[in-house]
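S.K.: Take a look and give me a structure for this.
(2 chains)
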There are 2 protein chains.
Amino acid sequence: MKLLDFLKPAEAYTRRAGPLDKIVLTSRVRLARNLESVSFPGHSKKAQRVEALQILLPAVSELGLMKGGAHEGMGKLTALEKQILVERHLISREHAARGGGSAVVLSKDELISVMINEEDHLRMQVILPGLQIKEAWSKINAFDSKLELVVPYAFSSKYGYLTACPTNLGTGIRVSAMLHLPGLVLAEHINQIITSVNKLGLAVRGLYGEGTEALGNVFQVSNQMTLGESEEEIVEKLNKVVLQIVENEENARRKILETNPKMLLNHIGRAYGILSHSHSISSKETKNLLSLLRLGVDLELFPTEHRALVDELFIVTEPAHIQRRSEGKKSAEERDVLRADLLRERLVAVPRPSEALQDAVDETSESES
Amino acid sequence: MKLLDFLKPAEAYTRRAGPLDKIVLTSRVRLARNLESVSFPGHSKKAQRVEALQILLPAVSELGLMKGGAHEGMGKLTALEKQILVERHLISREHAARGGGSAVVLSKDELISVMINEEDHLRMQVILPGLQIKEAWSKINAFDSKLELVVPYAFSSKYGYLTACPTNLGTGIRVSAMLHLPGLVLAEHINQIITSVNKLGLAVRGLYGEGTEALGNVFQVSNQMTLGESEEEIVEKLNKVVLQIVENEENARRKILETNPKMLLNHIGRAYGILSHSHSISSKETKNLLSLLRLGVDLELFPTEHRALVDELFIVTEPAHIQRRSEGKKSAEERDVLRADLLRERLVAVPRPSEALQDAVDETSESES
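M.R.: Numbers count the residues shown, from 1 in each chain, chains lettered A, B, ... in the order given. Prediction:
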């Protein structure tokens, strides 16, 4: 079975609900592990990478949690297929650059994904919708414990799990949450928040992690330290900080609603107008405008039933997803036209934004916090 | 009767049709004249300006062509009323700065307007819709000839009509046409055209004449020289140059339609989207986007019945026209919100642009040139 045929349609992702998912898009926990007896992928020859792969691929695929899942060697995927996996956040951009000797394994529900021979022999992650950091941790922890029974990990009683890069040494854990923060961006408080979060030893990054831009007002918050704190302490800390950022975002939205509601209506109305009527639009502009539409749904300017459509559009307007819809290689300019066509077509279903702002933020905090 | 009550609603202006009015918005001929016996307004004391006014106001108002018209002293108009007259192109910005001792006289149809004691004792103009430079000349010439029978003009057999500024000396004539040139702007050929037109001794200016910006892709082309050429030669030359620019604009539109129709659809679609959904919009952005809507009507992306509405919106979204609609002095920011409210309200009547471009340019040139 081809891996892309295995993937669920984008709308399946975006109909998953989770706690506080107006602001917390997803929660993710990733573990880095290496085999005891084989050199790390970055330092090994192809034969050793193949050896690691031959140990790990069956071990991972045959775990009960991966039943009904799929796997593929990176050498067998086209550049387009790899990019689709990146856009779904199932593999890293670094892993997409790998070929033979590396592989990806997905669980049936696509919530667990494992990269074999990325920077480490194993990078395994669980992604859940909304604020479910603890749940994601408990799920990947169970997965890891079962795998550890059949695979000998490189482990030091002094340092913990050994990893290719020292920033992962110890627990090998990276906990992150993807946050949608248009209120803090519009209120121009986002840099203040980033500074505070950094002071707590956490990193704030863009939509695709390290070194990427915060497109669509989406920010990834994650731990930096993997040594000297237990997994539970790291998970607890990140959960607490995310709850604080959510509160800040709610306050920012409430403040704008009170002091400058027209500014909100103006941004959201224009975003709707452009997305519904353009005939050429870049991926970057699309994300920034869809972010405002999502805010519009939160504020009940659009019927809430359209939240899933907006979230789906975030995925299906990504470059590789656009390319996939058509025959023949398209240039960036041609994709911009196809993206605009898709947006006009899908947004016909969404009525023009309401002229009146509900005080939707208060409702959020009452019912969900 | 108050002067503003006398003015027709803006829609009356924009339902006037004229030859080639897809591209030539209006044609205007203005004459500068001075009284023989009184100092020019810029050099005179108030008593002399009042003397000139007392001679000229009855002489002008009582001409047959001005029957049923209106007049008002500039000292009796509020700043808002003056600005409305500027936005209707009935008086100059300089005249709006005048007070007692100056006046404006309008014909019933508002096609003839006369400023008394602007820079010269008399500035009289005829504005007609579309390309009607010759008609405007013949109308203002008839007006001038009748006035000359009752008013002694400052005239030199060597230089012709004497004027305050030497740039008006001789014929005292300023012939101009207001051209809508989005095609040349989008094709980035406009600067080339401006350079060519300048070489012919003609000036190209913005929407409100000298020293103003070309907002909404509207350019005013006018003669620079008033000495050494007859009125008929000047009129003939301007008419010829305007016809050439119209041809260039049609070619630019045709070329874009052939080579990059998506770019046109994109600009027009986005303009419609923003104008129909913003909640705050400046006068400048409004003009630039309305220009694209007007182009959309020309290209039959919108039903042609909406041309008058688009043209009306150009006028009624001007700052003083927006201010006039509400009680109490509004700030620029408040006007931006009121302007957006007006645009959303009025544009509900205009359906979303068609997805297919007609070859509307060819039709234009066949039927009108």
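
S.K.: Residue A:286: what's it in contact with?
M.R.: Counting by CB atoms under 8 Å, 6 or more residues apart in numbering or on different chains, residue A:286 makes contact with A:275, A:313, A:317, A:339, A:343. For every residue, glycine as well, the C-beta is placed using N, CA and C.

S.K.: just residue A:81 next, same as before
M.R.: Counting by CB under 8 Å, 6+ apart, residue A:81 makes contact with A:2-4.

S.K.: Could you rerun that using 6 Å?
M.R.: Counting by CB atoms under 6 Å, 6 or more residues apart in numbering or on different chains, residue A:81 touches residue A:4.

S.K.: mind checking how far residue A:42 is from chain B?
M.R.: Distance of residue A:42 to chain B, given as CB to the nearest CB, to the nearest Å: 45 Å.

S.K.: got it, and residue A:164?
M.R.: Residue A:164 sits 46 Å away from chain B, going by CB to the nearest CB.

S.K.: same thing with residue A:22?
M.R.: To chain B, residue A:22 is 22 Å away according to CB to the nearest CB.

S.K.: Make a PyMOL selection of the buried ones in the contacts of residue A:286.
M.R.: Command for PyMOL that selects the buried part of these, burial taken from 16 or more other CB atoms under 10 Å in any protein chain shown:
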select buried, chain A and resi 275+313+317+339+343
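
S.K.: Of the contacts of residue A:286, which are in range of chain B?
M.R.: Among the contacts of residue A:286, not one lies near chain B by CB under 6 Å from any CB of the partner chain.

S.K.: Kindly present the contacts of residue A:286 as a markdown table, with separate columns for pLDDT and secondary structure.
M.R.: Listed next are these as a markdown table, based on pLDDT from 0 to 100; DSSP: H, G, I helix; E, B strand; the rest coil:
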| residue | pLDDT | secondary structure |
| --- | --- | --- |
| A:275 | 98 | helix |
| A:313 | 96 | helix |
| A:317 | 97 | coil |
| A:339 | 98 | helix |
| A:343 | 98 | helix |
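
S.K.: Go ahead and confirm residue A:99 touches residue A:75.
M.R.: Yes: when contacts are counted by CB atoms under 6 Å, residue A:99 is listed as touching residue A:75 (4.4 Å).

S.K.: Distance from the longest helix along chain A to the middle of the chain?
M.R.: Scanning chain A for the longest helix, with DSSP state H as the assignment, gives helix A:231-259. Helix A:231-259 sits 18 Å away from the centroid of its parent chain (CA atoms, centre = their mean, to the nearest Å).

S.K.: do the same with stretch A:293-312
M.R.: Distance, stretch centre to chain centre, for stretch A:293-312: 19 Å (CA atoms, centre = their mean).

S.K.: okay, how far is it across it, tip to tip?
M.R.: 12 Å (CA to CA, to the nearest Å).

S.K.: which residues touch it?
M.R.: So stretch A:293-312 is in contact with A:10-11, A:14-15, A:22, A:182, A:268, A:271, A:290, A:350, A:353-354, A:357-358, A:360, going by CB under 6 Å, 6+ apart.

S.K.: among those residues, which two are most distant?
M.R.: A:10 and A:357 (29.5 Å; CB to CB).

S.K.: Now that we have the contacts of stretch A:293-312, which of them are buried?
M.R.: Here, 16+ other CB under 10 Å leaves A:10, A:14, A:22, A:182, A:268, A:271, A:290, A:350, A:353, A:357, A:360 buried among the contacts of stretch A:293-312.

S.K.: would you turn these into TSV with distance to residue B:219, pLDDT and secondary structure?
M.R.: Formatted as TSV, those follow (distance: CB to CB, whole Å; pLDDT from 0 to 100; DSSP: H, G, I helix; E, B strand; the rest coil):
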residue	distance to residue B:219	pLDDT	secondary structure
A:10	47	84	helix
A:14	48	73	helix
A:22	49	94	coil
A:182	40	96	helix
A:268	35	97	helix
A:271	32	98	helix
A:290	38	98	helix
A:350	39	95	coil
A:353	36	94	coil
A:357	41	79	coil
A:360	47	49	helix
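
S.K.: Out of the residues you listed, which comes closest to chain B?
M.R.: Nearest to chain B among the buried ones among the contacts of stretch A:293-312 is residue A:353, at 7.2 Å by CB to the nearest CB.

S.K.: Which helix or strand contains the closest residue to the closest one other than its chain neighbours?
M.R.: Counting by CB to CB, 6 or more residues apart in numbering or on different chains, residue A:353 lies nearest to residue A:301, which is 4.1 Å off, once chain neighbours are set aside. Applying DSSP states H and E as the criterion places residue A:301 outside every helix and strand.

S.K.: re earlier: and the average pLDDT for the longest helix of chain A is what?
M.R.: Per-residue pLDDT over helix A:231-259 has a mean of 96.
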